[in-house]
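Trainee: Return atomic coordinates for the entry below.
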Amino acid sequence: QVQVVESGGGLVQPGGSLRLSCAASLSVGSINAMDWYRQAPGKQREWVAGVARRGDTHYADSVKGRFTISRDNAKNTVHLQMNSVKSEDTAVYYCYVQILTYGTNWEEKYMDYWGKGTLVTVSS
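Mentor: Purely as a prediction, here's the structure:
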């Protein structure tokens, strides 16, 4: 029904830049929220940034001013531009997509989908 695929991870030097992309394919419903999460080795998954359908963006304090999230509603894609990366940005980055559908009585239903993740390694 819904597939979420990340791309763009890799090795980047401290202070460098990297752009992550996520594409969602769906047969029903529409995409509501699109977010990026990350999980560093030995740590819990944490929220990084999110963008609402209208374009409102939000960032974790740890990435504010360095990362930029954007989305293309026509293409069902979301991107994360990572600038001035630090070693602590090393993690597997996951794309999260929230799908909105409607029930038989037109009640709103939300479903959550995750990609399999893309590894970002910041190292010299």
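Trainee: longest strand of this protein?
Mentor: For the chain, the strand with the greatest residue count under DSSP state E is strand 91-102.
Trainee: which other helices and strands contact that strand?
Mentor: Other helices and strands packing on strand 91-102, by 3 or more Cβ pairs under 8 Å, 6 or more residues apart in numbering; DSSP states H and E, are strand 2-7, strand 18-26, strand 30-39, strand 77-82, strand 108-114, strand 118-122. Where you see a C-beta, it was placed from the backbone N, CA and C, and this is true even at glycine.
Trainee: 7 Å instead, please
Mentor: Helices and strands touching strand 91-102, by 3 or more Cβ pairs under 7 Å, 6 or more residues apart in numbering; DSSP states H and E, are strand 2-7, strand 18-26, strand 30-39, strand 108-114, strand 118-122.
Trainee: Could you list the buried residues of the first one?
Mentor: Yep, that's strand 2-7 we're talking about. If you call a residue buried by 16 or more other Cβ atoms under 10 Å, then strand 2-7 has these buried ones: 2, 4, 6.
Trainee: just the third one next, same as before
Mentor: Neighbour-count burial for strand 30-39, with 16+ other Cβ under 10 Å as criterion, is recorded at 31, 33-38.
Trainee: Redo those as TSV? Include pLDDT.
Mentor: As requested, these are exported to TSV (pLDDT from 0 to 100):
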residue	pLDDT
31	93
33	95
34	97
35	98
36	98
37	98
38	98
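Trainee: Closest one of these to residue 88?
Mentor: Nearest to residue 88 out of the buried residues of strand 30-39 is residue 38 (Cβ to Cβ; 10.3 Å).
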